[in-house]
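In: the following comprises the amino acid sequence and a computationally predicted model.
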Amino acid sequence: MKILLDTNILVHAYNKSSPKQKQASKIIRQAIHGEIEAYLTAQVIYEFFAVVTDNRRVEKPMGLDEAADLCLDLWECREIEKVNPTMLTPNEVFKLAKEQKLTKSRIFDCIIAVTAKENKIGAVYTENVGDFEKYDFIKVLNPFQ
């Protein structure tokens, strides 16, 4: 099964103070060893950078250079496939935004869900199950439960 990794999986995997670090880093290792078919989007990596460098969002933020290097490593990692939105993504996203009455930052999870759909990825790993449950075209899996 193709699985898109949500931002929080990366945050937990690389945040040594996270109580979920061990589980999340195992997911990354499984992806690198081909045990799971994992995918990332550029948006997820940008969000990851924003979170891990923000002392309001993580207990021990990463320095700029360390975070940027890690993001580049993730982007260049051949074992974890990368997918991108298509030219039709905005059409689907804003249609869903109206249907689901999405506002503010909730649009970003919609973009991730639609990007997965367009790239025939059937599931997303996330601890934020509620952010994706509204999309019947993607299976939501919380690997921490």
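Out: Happy to help now that I have it.
In: C-alpha from now on. contacts and neighbour counts both.
Out: Fine.
In: can you pull out the strands in this protein?
Out: 2-5, 37-41, 81-83, 123-125, 139-141 (DSSP state E).
In: okay if I get those as a markdown table plus distance to Asp54, mean neighbour count and mean pLDDT?
Out: Formatted as a markdown table, those follow (distance: least, CA to CA, whole Å; neighbours: other CA atoms under 10 Å; pLDDT from 0 to 100):
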| stretch | distance to Asp54 | mean neighbour count | mean pLDDT |
| --- | --- | --- | --- |
| strand 2-5 | 21 | 22 | 98 |
| strand 37-41 | 21 | 20 | 98 |
| strand 81-83 | 25 | 18 | 98 |
| strand 123-125 | 23 | 22 | 98 |
| strand 139-141 | 26 | 19 | 98 |
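In: out of the ones you listed, nearest to Phe94?
Out: Closest to Phe94 of the strands of the chain, according to CA to CA: strand 37-41, at 18.9 Å.
In: what about the residue lying closest to Asp131 once chain neighbours are set aside, how many residues nearby?
Out: Excluding the flanking residues, the one nearest Asp131 by CA to CA, 6 or more residues apart in numbering is Asp109, at 6.5 Å. With neighbours defined by other CA atoms under 10 Å, the count for Asp109 comes to 19.
In: show the pLDDT at Asp109.
Out: pLDDT for Asp109: 97.
In: just list the residues touching Thr41, thanks.
Out: Lys82, Val83, Asn84, Ile112 (CA atoms under 8 Å, 6 or more residues apart in numbering).
In: could I get the full set of helices for this structure?
Out: 7-14, 21-32, 42-52, 64-76, 89-100, 106-118, 129-132 (DSSP state H).
In: any chance of these in TSV, plus distance to Met1?
Out: TSV is the format used below for these (distance: least, CA to CA, whole Å):
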stretch	distance to Met1
helix 7-14	17
helix 21-32	12
helix 42-52	19
helix 64-76	21
helix 89-100	22
helix 106-118	12
helix 129-132	17
